[in-house]
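Chemist: Give me a 3D structure for the following:
(one chain, ligands or ions: 2)
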Amino acid sequence: MNRHEARLTTDVERAARVLRAGGLIGLPTETVYGLGADARNADALAEIFSAKRRPVDHPLIVHIRHRDQIAQWSREVPSAAWRLAEAFWPGPLTLVLPRLPGVPDQVTGGLDTVALRIPAHPLALAVLEKFGDGVAAPSANRHGRVSPTTAQHVLAELGDAVDVVLDGGPCQVGIESTIVDFPEAGPRILRPGRITADDLQRATGLAPVARLAPEVRRPGAMTSHYAPRAKVVLTTPTELAGVVEAWRRRGARAGVLSAQPPTRLPADVTWLSLGSASEEQARRLYARLREADALALDVLVVVTPPDEGLGIALRDRLLRAAGLGDGRVFEGGTD
Ligand code: TXA
Ligand code: MG
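Modeler: Residues are numbered from 1 along each chain as shown. Ligands and ions are numbered 1, 2, ... in the order given. Okay, here's the model as predicted:
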């Protein structure tokens with residue numbers, strides 16, 4: 001029994017009251033849990049940054065309930081963005097649009113744009129409906145750490161900072177939303193996710209520009225994202241056994257995260273199953289990284305998923321967990 005468990009609730013009215021009073025809520029979404037506050041309340045927004053220990057110039061996503069609320073945050077919506085909102089909202093897609101002047105600087109990080117999304121989780125939609133305005137919510141983890149995919153993860157990491165956590169069960173997507181901006185007429189992917197480049201192209205008729213730059217726009221700030229305490233090392237199926245053996249020889253307590261059960265795994269090395277379908281892999285990934293820490297592993301050797309479809313987003317998160325940013329370095333050779 002966690003000492004914060006009284007803060008777990010499914011009472012949407014209670015959560016809306018907390019938002020109105022300038023407090024913080026754990027917000028379940030289909031991607032990951034958010035740390036939510038009234039997106040127009042500067043003091044409440046400041047609490048998000050101090051709870052997460054997040055640099056104040058990192059912008060936040062504003063969660064809304066209805067597409068017609070876009071006009072309360074953005075002065076101009078490119079037609080490709082409208083098509084995406086119609087195709088994928090509610091859903092795991094964030095649109096970066098030109099901001100209106102009144103949007104708080106804590107939300108935009110001083111940029112001229114604002115990030116908006118309608119999440120697809122019934123409890124999130126219900127609290128947004130009750131609250132009636134935008135809720136700013138970054139992922140509910142300490143800055144640079146693994147995003148939470150259950151209400152219990154939020155309590156374990158930020159239990160002292162949140163007033164309530166809406167318990168919506170385990171997240172169905174499991175990794176953060178695809179973030180898209182519109183530098184020209186067409187979409188550009190700032191962060192890959194469940195909505196893929198093909199999905200964007202089908203909905204807009206325009207080929208998206210992939211941006212392999214870091215999710216956080218400031219150089220130097222990206223390498224420690226999504227990191228567990230265990231060192232994450234990426235490899236290929238053929239190199240796996242050799243990489244594990246090399247770490248064991250160095251005296252490291254090692255684990256393996258992969259889709260297929262490894263053959264010839266030494267008895268003192270734990271296998272964590274990533275699952276087979278890529279949707280299942282996304283759903284499990286962050287819980288598995290947390291498990292590596294619970295097992296006190298020194299190193300987690302990960303067989304990276306193929307570079308296609310949802311695998312692109314999985315690889316992006318794994319590269320960051322490995323501290324490689326958008327580099328392409330693999331142990332035991334290139335992939
Ligand atoms: O799935 C998600 O997007 C989750 C759930 C809670 O909605 N939220 C999430 O928030 O992942 P966070 O703060 O961990 O990541 C949001 C990312 C940040 O990297 C931030 O830099 C980027 O969105 N972002 C926010 N506003 C932006 C803007 N105006 N321009 C470019 N990037 C922006
Ligand atoms: Mg985050």
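
Chemist: CA only for contacts and neighbour counts going forward, please
Modeler: OK.

Chemist: The one helix or strand in the chain whose mean pLDDT sits lowest: what's the following helix or strand?
Modeler: Within the chain, no helix or strand scores below strand 209-210, which has a mean of 78 by mean pLDDT, DSSP states H and E. Note on strand 209-210: by DSSP states H and E, the next helix or strand toward the C-terminus is strand 231-235.

Chemist: residues contacting residue 9?
Modeler: 164-167 (Cα atoms under 8 Å, 6 or more residues apart in numbering).

Chemist: same thing with residue 231?
Modeler: 298-300, 322.

Chemist: Quick check: ChimeraX command selecting the buried ones in these.
Modeler: In ChimeraX, this line selects whichever of the contacts of residue 231 come out buried by 16 or more other Cα atoms under 10 Å:
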select :298,299,300,322
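
Chemist: Including distance to ligand 1, neighbour count and secondary structure, could the contacts of residue 9 go into CSV?
Modeler: Listed next are those as CSV, based on distance: Cα to the nearest ligand atom, whole Å; neighbours: other Cα atoms under 10 Å; DSSP: H, G, I helix; E, B strand; the rest coil:
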residue, distance to ligand 1, neighbour count, secondary structure
164, 15, 25, strand
165, 13, 30, strand
166, 13, 23, strand
167, 14, 20, coil
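
Chemist: Which of the residues you listed sits closest to residue 26?
Modeler: residue 165 (4.0 Å; Cα to Cα).

Chemist: residues making contact with the lengthiest helix in the chain?
Modeler: What stands out as the longest helix in the chain, according to DSSP state H, is helix 278-294. For helix 278-294, contacts defined as Cα under 8 Å, 6+ apart pick out 146-149, 171-175, 228-230, 255, 257, 259, 272, 274-275, 300, 310-311, 314.

Chemist: for stretch 156-167, same thing?
Modeler: For stretch 156-167, contacts defined as Cα under 8 Å, 6+ apart pick out 4, 7-12, 15, 18, 23-28, 35, 51-52, 123, 140-142, 150-151, 154-155.

Chemist: Weed out the non-buried ones from the residues you listed.
Modeler: Buried, going by 16+ other Cα under 10 Å: 4, 7-9, 12, 15, 18, 23-28, 35, 51-52, 123, 140-142, 150-151, 154-155, out of these.

Chemist: Out of the residues you listed, which sit inside strands?
Modeler: 8-9, 25-27, 35 (DSSP state E).

Chemist: what two of the residues you listed are the furthest from one another?
Modeler: 9 and 35 (14.7 Å).

Chemist: Tell me how far residue 16 lies from residue 70.
Modeler: Separation of residue 16 from residue 70 (Cα to Cα, to the nearest Å) stands at 20 Å.

Chemist: next one: residue 106
Modeler: Distance from residue 106 to residue 70, by Cα to Cα: 18 Å.

Chemist: Please apply the same query to residue 36.
Modeler: Going from residue 36 to residue 70 by Cα to Cα gives 18 Å.

Chemist: One more: residue 156?
Modeler: From residue 156 to residue 70 the distance is 34 Å (Cα to Cα).

Chemist: re the thing from before, distance to residue 184 added to the ones in strands among the buried ones among the contacts of stretch 156-167, as a markdown table?
Modeler: Below are those laid out as a markdown table (distance: Cα to Cα, whole Å):
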| residue | distance to residue 184 |
| --- | --- |
| 8 | 44 |
| 9 | 43 |
| 25 | 36 |
| 26 | 35 |
| 27 | 33 |
| 35 | 32 |
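
Chemist: In CSV: these, plus pLDDT.
Modeler: Putting those into CSV (pLDDT from 0 to 100) gives the following:
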residue, pLDDT
8, 97
9, 97
25, 98
26, 98
27, 98
35, 98
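
Chemist: in stretch 195-211, what's buried?
Modeler: Going by 16+ other Cα under 10 Å, stretch 195-211 has these buried residues: 195-197, 199-201, 203-204, 208-209.

Chemist: quick one, what contacts the spatially most central residue of the chain?
Modeler: Closest to where the C-alpha atoms of the chain average out (Cα atoms, centre = their mean) is residue 176, at 2.9 Å. Going by Cα under 8 Å, 6+ apart, residue 176 touches 31-32, 92, 193.

Chemist: can we see that at 6 Å?
Modeler: Residue 176 sits next to 31-32 when contact means Cα atoms under 6 Å, 6 or more residues apart in numbering.

Chemist: so it is in which element?
Modeler: Counting by DSSP H and E, no helix or strand carries residue 176.

Chemist: State the distance from it to residue 72.
Modeler: Distance of residue 176 to residue 72, given as Cα to Cα: 24 Å.

Chemist: same question, residue 122
Modeler: 23 Å.

Chemist: What's the end-to-end length of stretch 254-266?
Modeler: Where stretch 254-266 starts and where it finishes are 10 Å apart, if you go by Cα to Cα.

Chemist: Give the buried residues for it.
Modeler: 254-259, 262, 265.
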